[in-house]
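Undergrad: structure here, sequence nowhere to be found:
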């Protein structure tokens, strides 16, 4: 036997591939017993006001209706919903501003009452029969309008509707901009409210067992869910058990606690009976979470050679009606600004502001797609003002190798941006196309654009980063692995199995990752968010596998009489390192240990790793468009993303992740926007027909490429890839349209409506 | 689970008419791709349904003795697209209905349902308008036939009297013989979308292929119901083909269409696109007819 076969770095099949392709994989609704009561929520039909009364009489008399609960019935435990790790310091805790149901309505779609019925039809009939009397208040939908003195106040304790305002003051912007010979470039950039549109709408069910509440939920964050259900119901957290089966996508929406507390409460009011709460697509759009729309104002003072003398950024982030993840999004976006193109004099202000709209929470990219649209569009505007190629500008001024961020301690260890840009440039034949597409006339014009992105991996040092892992050896030498980092479709279970197999020295097929997390059983951890799964779980998997290996080799020493230090596990066999002699199989060892009449034992390991590092993860997008000027339509013809996410654990899964993110970026840049009626605040297009999620037919072939610089802080050399692929897509498309037409469009999505207005303004049509 | 009171399944057209007479509040359901959505939204809670989906006699495309093309009202979009008679004489209709929704909807959705729904955005409707289709309606009094322009009364309302049902769509020989047409669906997505504007144009050229002997232009979503652009048609009729004529006819459509401002699209945008689509569809139709467009 010659050394190890590496499973890390191989495109092994997903551990759940067959389950999912054959339809055998069980999701929440598949698991729910058919005897379940059905819960439905009555959402407000006004954007702002108070509930004066709720008449439930008629609803209660409908056959099949079990219980009607109103905002006046529920306990008043205010709870936070953001899926952040809890902080034991009150100042760092999330804002607790939600109730199970509310008599103070803050957006169209707020939760006023709920019905429990024996079936869907009775529940729907009951909702229609409930009569709510409101006292309406003026409402505000625009973030800057909401900041005005005379704007309606949405939360009493937040004057000006400002949830939070943070600043950056580096150097001296006011002085630096006085330097003679500077060119001023200024822009306002708008990004839309969009929704995650995971295939599986939010769903959960709850029941009581031995005095405790069990919630089965389509969530990314089971342990956080346990805490928040406890907080919302005012019960000890240990009285809540949360189970997370396979989930049909989350993208951050399910990194918030949505209706698990309400469903749990409804079970308690019907004697602990099984109650299912299954959101419709319309509810998912209007009443779960959306991405923050952010309006960004950037001013750059640039020297003629392109170097920045002074820069200013203002971000106005639309929080919607409740705090949820709050200011974290705008703050993260603004935080990238002074890092991506380092400049000594930067002034920044980020505001997160309440409006009477759907609540904004976490969504893939967490503020960076917004920030990259503004920042990378602005870079093209700067390059255009200076007459420099946008590629060359980035080549010269993007964060250099060796850059270190004082706060996160992140270091740009490699020449990542140059490597990614060169790869992308060659891939798409950039130089030739830039020349070919210059100075076009005619109705149909082509263009090519580029944009870079900044990202990191986890949430340290802002929040706790921890991962715990448990491994148990079976009689046949296979193992179970449990972590609290959740499989949400991204392939986490597969790469966890690869990492465990790699460190333990056993075959990939011998690792069984327990995909269903159960807070009663799974080690504590915070779940799937940021782009932390592979990086963070990697630490605890490596540590725990090493621990288990040590226990196994202790046993091997007993059984083989060779010193532990001379032994190793390779391909599921105990070998003597010196001559690679196979002494016994791991299966034999396990069987002996578990059934030994003299030295019996259960081989298991469990450990926690608290990460106090984070890692930069960079890359870029190149996009090529064809613009039909008369038809006001931009068509994406080609797109490539290049990422440095460190070592690829599973190249095929990594590429799939890139494709998914690019697809989301295409919709963000070209077609998706949740609209609200100016007159009522009602969401107008809360369905998949009117909300233009892009289809397969709207995508060119999606191409992903990688630069693999081994991340030195990481257990397996890897870093984030979950969110990064969405970050630079929209500005690359916008910059391609700019090259094609000469028209800078500073709002996304680049729909025909927007193109029509801009082309008219510019005299193209 | 749908909130319905009863479902009656018709076994023949007369039986369907009888069921509709017996249950005057009942809604006809065929493929269900519109009705079930309305029921899901709670709009027809507690409805009685008369299903005609099993009526095989209403399925398929046939050529009648006098050359009339008959499309049974239950013919699915995908069957229309693949039908050899359609492909030979009025291929544009097959192309138009191939742009409805996605494959599943095109398999279940019927052309009768598409037109009886009375909506302006129906992908089949503008082409049927452009080709002077005739609607066949069967009811207690027997069969009557009316031009499709008269079938549409207002948004969401078609000329179906109590216990009547649409049984066929007819294309007389004089409507299609010598004509060539093109349909452009302008939507925000390449699939699974509803038209922001639809434009169907067909032409009949003079023998020498230099003149527009006839031009027929129809729109969806340019008004509350599908419509014919009569001024623009008159403008083009008889003219010698040229780029300038395309422009001239296209500009004239503003006298015919009445799009509105809505959150889906502005009036100004729809008017602009209407001109562009007319020009482009007219051009394609001329090329299909063997014409040449001179500068």
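TA: Thanks, I have it. Everything numeric here is computed off the predicted structure, so don't read it as measured data.
Undergrad: in the stretch 1-150 of chain A, where is pLDDT below threshold?
TA: Applying pLDDT under 70 to the predicted model, the residue ranges of the stretch 1-150 of chain A that meet it are A:1-3.
Undergrad: the closest residue to residue B:265 other than its chain neighbours and residue A:195: what is the separation?
TA: What sits nearest to residue B:265 in space, not counting adjacent residues and going by CB to CB, 6 or more residues apart in numbering or on different chains, is residue B:196, at 5.2 Å. Placement of C-beta: from N, CA and C, glycine included. With distances taken as CB to CB, to the nearest Å, residue B:196 is found 21 Å from residue A:195.
Undergrad: the more surrounded of these two?
TA: Comparing residue B:196 with residue A:195 by neighbour count (other CB atoms under 10 Å in any protein chain shown), the higher total belongs to residue A:195, at 25 against 20.
Undergrad: how much space separates the residue of chain A found nearest chain B from residue B:114?
TA: Nearest to chain B in chain A, going by CB to the nearest CB, is residue A:697, at a distance of 3.6 Å. From residue A:697 over to residue B:114 the distance is 21 Å, taken as CB to CB.
Undergrad: so what's residue A:155 closest to, chain neighbours aside?
TA: Setting aside the residues directly before and after it, residue A:155 is nearest to residue A:354 in space (CB to CB, 6+ apart), at 6.0 Å.
Undergrad: what's the answer for residue A:297, then?
TA: Computed as CB to CB, 6+ apart, the closest residue to residue A:297 that is not its neighbour in sequence is residue A:314, at 4.3 Å.
Undergrad: for the one you found, list the residues it contacts.
TA: Residue A:314 makes contact with A:296-297, A:348-351 under the criterion CB atoms under 8 Å, 6 or more residues apart in numbering or on different chains.
Undergrad: and residue A:104, by the same measure?
TA: Contact analysis of residue A:104 by CB under 8 Å, 6+ apart lists A:50-51.
Undergrad: ok so, going back, look at the residue nearest to residue A:297 and report its pLDDT.
TA: Listed pLDDT for residue A:314 reads 98.
Undergrad: who's it bridged to?
TA: residue A:297, residue A:349 (DSSP bridges).
Undergrad: which of the contacts of residue A:314 sits closest to residue A:428?
TA: residue A:296 (27.2 Å; CB to CB).
Undergrad: excluding its backbone neighbours, what's nearest that closest one?
TA: Here the nearest residue to residue A:296 in space, its sequence neighbours aside, is residue A:374; by CB to CB, 6+ apart that works out to 3.6 Å.
Undergrad: my guess is the one you found meets residue A:191, correct?
TA: Yes - taking CB atoms under 8 Å as the definition, residue A:374 is a contact partner of residue A:191 at 7.4 Å.
Undergrad: what number of residues lie near residue B:292?
TA: By the other CB under 10 Å criterion, the neighbourhood of residue B:292 contains 10 residues.
Undergrad: now do the SS call for the residue of the stretch 151-295 of chain B found nearest chain A.
TA: When scored by CB to the nearest CB, the stretch 151-295 of chain B has residue B:190 as its residue closest to chain A, at 3.6 Å. Local secondary structure at residue B:190 is given as coil here, using DSSP: H, G, I helix; E, B strand; the rest coil.
Undergrad: my read: it touches residue A:699, true?
TA: No - using CB under 8 Å, residue B:190 is not in contact with residue A:699; the gap is 9.1 Å.
Undergrad: what is in contact with residue A:374 and residue A:191 at once?
TA: With CB under 8 Å, 6+ apart applied, the overlap between the contact sets of residue A:374 and residue A:191 consists of A:294, A:296.
Undergrad: show me what the helix or strand harbouring residue B:136 is packed against.
TA: Following DSSP states H and E, one finds residue B:136 within strand B:134-139. Strand B:134-139 makes packing contacts with helix B:13-22, strand B:142-147, helix B:148-151, strand B:165-171 when contacts are defined by 3 or more CB pairs under 8 Å, 6 or more residues apart in numbering or on different chains; DSSP states H and E.
Undergrad: pull out the buried positions in the longest helix seen in chain A.
TA: Using DSSP state H to define each element, chain A has its longest helix at helix A:533-560. Neighbour counts over helix A:533-560 (16 or more other CB atoms under 10 Å in any protein chain shown) mark A:533-545, A:547-549, A:551-553, A:555-560 as buried.
Undergrad: can you tell me which residues in the stretch 101-250 of chain A are near chain B?
TA: Proximity of the stretch 101-250 of chain A to chain B is confined to A:119-121, A:124-125, A:128 under the rule CB under 8 Å from any CB of the partner chain.
Undergrad: run the last query once more with 6 Å
TA: Taking CB under 6 Å from any CB of the partner chain as the criterion, the stretch 101-250 of chain A approaches chain B at residues A:120-121.
Undergrad: at which residues are the strands of chain B located?
TA: When assigned using DSSP state E, the strands of chain B occupy the ranges B:4-9, B:27-29, B:47-51, B:61-63, B:69-72, B:134-139, B:142-147, B:152-154, B:157-158, B:165-171, B:180-186, B:197-205, B:212-220, B:227-228.
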